[in-house]
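Peer 1: Next input, structure requested:
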Amino acid sequence: MNRLIPLTLLLFVLAAPPTLEVSASSLNASPQTLESYVGKYPSELFKGMPAIRRRLRTLLGANYSFFMQRLQTEMPIESDDGALVARGCMAHSCGIEEAVLVINLGDGKIHCAILSSKYGGKFKVFSEDKAHLPPALHRAMKQP
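Peer 2: Below you'll find the model as predicted:
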């Protein structure tokens with residue numbers, strides 16, 4: 001009988017749908033804590049908040065390294081209408097190979113885009129909520 005309980009628990013765990021917490025609280029940070037990174041560089045954000053790096057890796061999958069290569073030349077993080085905006089470009093390829101990360105401070109969701117010749121010189125968007133892309137992401141993709 002003791003063997004059935006762990007097996008039952010295992011079956012329950014395996015049958016439960018996977019969930020991904022996407023709130024600011026899931027990052028163990030308040031919006032104010034996230035805002036404290038304004039003016040700092042994306043690498044500082046990733047170092048100070050490893051949950052963001054993990055979620056970004058999950059979101060981007062096989063494109064994670066490709067994205068990070070486009071953050072080689074980092075720009076200071078900005079605040080844009082309730083969102084953090086982190087940008088960068090591949091060394092010696094700014095304007096051609098870029099990466100944008102936007103974190104919505106209201107719900108903690110991560111949105112990002114990669115500009116690359118691989119995508120026909122256009123941005124490819126990745127989002128934890130594609131139905132609700134923040135205006136800050138659209139503005140960041142229009143910036144030179």
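Peer 1: Residue 82 against residue 105, yeah?
Peer 2: Yes. Residue 82 lies in contact with residue 105 (Cβ atoms under 8 Å); the separation is 5.1 Å. Placement of C-beta: from N, CA and C, glycine included.
Peer 1: secondary structure element for residue 59?
Peer 2: Residue 59 belongs to helix 50-60 when assigned by DSSP states H and E.
Peer 1: Looking at residue 82 and residue 105, which one has more neighbours?
Peer 2: residue 105 (21 against 14; other Cβ atoms under 10 Å).
Peer 1: What are the neighbouring residues in contact with that one?
Peer 2: 24, 31, 34, 35, 82, 83, 84 (Cβ atoms under 8 Å, 6 or more residues apart in numbering).
Peer 1: 10 Å instead?
Peer 2: 24, 29-32, 34-35, 79, 81-84, 134, 136 (Cβ atoms under 10 Å, 6 or more residues apart in numbering).
Peer 1: Give me the spatial nearest neighbour of it, chain neighbours excluded.
Peer 2: residue 31 (4.1 Å; Cβ to Cβ, 6 or more residues apart in numbering).
Peer 1: I figured the one you found hits residue 106, correct?
Peer 2: Yes. Here residue 31 reaches residue 106: they are 7.5 Å apart, a contact under Cβ atoms under 10 Å.
Peer 1: Just want to know which of the two has more residues nearby.
Peer 2: The neighbour comparison of residue 31 against residue 106 (other Cβ under 10 Å) goes to residue 31, with 18 against 12.
Peer 1: The more buried one and residue 97, how far apart?
Peer 2: Applying Cβ to Cβ, to the nearest Å, the value for residue 31 to residue 97 is 31 Å.
Peer 1: Please identify the buried residues of the helix holding residue 59?
Peer 2: 52, 53, 55, 56, 59, 60 (16 or more other Cβ atoms under 10 Å).
Peer 1: Thanks again, I'm all set now.
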